[in-house]
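Chemist: The sequence and its predicted three-dimensional model are supplied below.
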Amino acid sequence: MNKSELIEKSFKIISEITKDNFVTIRNFEYIPDESSIENDIDVMIPSKYIKDVSQRLESMGYSVGSDNLQYLYGAEPHIHFMYHDKSGYGIHFDVVTGLYYRSSNDLNLFIKINTELIDSMMNNKVKVDGMWKWQPSPEDELVHLCCHAIFDKRLVKDAYAERIDYLFKLCEEEQLRWLLEKAFFKVSDTIFESIKNNKTVEIYKNYVSFMDY
């Protein structure tokens, strides 16, 4: 089967096993055409389904491995499903069982984010026609991208800034502010105002400045 068919079949298996209790958390706009080993597919699947998902995807030819990093406060390793086709293409599902981000003090240490953010992403997900089937609400995706940029990347890439700006226009302000506060506490208003004033690329710098102060 070709790359698109493989990805679609993989999502169908995940959907079947989890009974749609999963969500593709970011970069779904690149699926399937730009999906590759390097450009992975990021999916959140609760821990209780991982064993069955692993067995089914392994039976399709995926290799399964996990990160060898440090995880604290309920964070669990990323699970990597890799598929290398003889014709040359590759597929990489990067699966998490919750929302875990790098520590501000140690890039090799992952910490679990507020459980309310994890519940919100799963409970408020949006059904779509794409083969990934479920994606976060605009508010949940925006906050996740902010966390990913600030904690994991220490940088706001242009593509992320553009996506955050697009999502901001779709967000319900009260819900967005609530989620940002759960993720960033006292810095949440600063991040909200930066995005509102078209200064999204500065949110990491503003976060660091606030924390240093």
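Modeler: That came through fine.

Chemist: Tell me the spatial nearest neighbour of Y101, not counting adjacent residues.
Modeler: The spatial neighbour of Y101 that comes closest, neighbours along the chain excluded (CB to CB, 6 or more residues apart in numbering), is F151 at 3.7 Å. Just so you know, the C-beta spots here come from the backbone N, C-alpha and C atoms, and that holds for glycine as well.

Chemist: Neighbours of that neighbour, how many?
Modeler: Residues lying near F151 (other CB atoms under 10 Å) number 21.

Chemist: So it sits against Y100, correct?
Modeler: No - taking CB atoms under 8 Å as the definition, F151 is not a contact partner of Y100, at 9.5 Å.

Chemist: Could you list the low-confidence segments of the protein?
Modeler: Where the chain drops to pLDDT under 70, the residues are 211-213.

Chemist: so what are the domain limits for it?
Modeler: According to automatic domain parsing, the chain comprises the domains 1-136, 137-213.

Chemist: Next, the residue nearest to the spatial centre of the chain: secondary structure please.
Modeler: What sits nearest the mean C-alpha location of the chain, by CA atoms, centre = their mean, is I25, with 3.7 Å. The three-state label for I25, taken from DSSP: H, G, I helix; E, B strand; the rest coil, comes out as strand.

Chemist: close enough to count as contact, it and I45?
Modeler: No - using CB under 8 Å, I25 makes no contact with I45, being 10.4 Å away.

Chemist: Report the set of residues contacting both of these two.
Modeler: Both I25 and I45 are contacted by V96, under the criterion CB atoms under 8 Å, 6 or more residues apart in numbering.

Chemist: those strands in this protein, which residues are they?
Modeler: Under the criterion DSSP state E, the chain contains strands at 23-26, 41-44, 63-66, 70-72, 79-84, 90-96, 100-102, 109-112, 126-127, 134-135.

Chemist: mind checking which of those strands is nearest K196?
Modeler: Closest to K196 of these, according to CB to CB: strand 23-26, at 21.4 Å.

Chemist: quick one: strands adjacent to the closest one?
Modeler: strand 41-44 (antiparallel) (DSSP bridges).

Chemist: what's the longest helix in this protein?
Modeler: Identified as the longest helix of the chain according to DSSP state H is helix 3-18.

Chemist: Can you mark which positions in that helix are buried?
Modeler: By 16 or more other CB atoms under 10 Å, the buried positions in helix 3-18 come out as 3, 6-8, 10-11, 14-15, 17-18.

Chemist: hmm, who's touching it?
Modeler: 1, 22, 31-33, 35, 41, 43, 45-46, 49, 52-53, 56-57, 60, 62, 81, 83, 85, 89, 91, 93, 131-133.

Chemist: In helices only, show me those residues.
Modeler: Judged by DSSP H, helices contain the following of the contacts of helix 3-18: 52-53, 56-57.

Chemist: Would you convert these into TSV that also reports distance to E172 and neighbour count?
Modeler: Converted to TSV, the ones in helices among the contacts of helix 3-18 look like this (distance: CB to CB, whole Å; neighbours: other CB atoms under 10 Å):
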residue	distance to E172	neighbour count
D52	35	14
V53	32	24
R56	37	15
L57	36	23
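
Chemist: out of those, who's nearest S188?
Modeler: Once CB to CB is applied, the member of the ones in helices among the contacts of helix 3-18 that ends up nearest S188 is V53, at 34.1 Å.

Chemist: Look up how far T18 lies from K51.
Modeler: According to CB to CB, to the nearest Å, K51 and T18 sit 12 Å apart.
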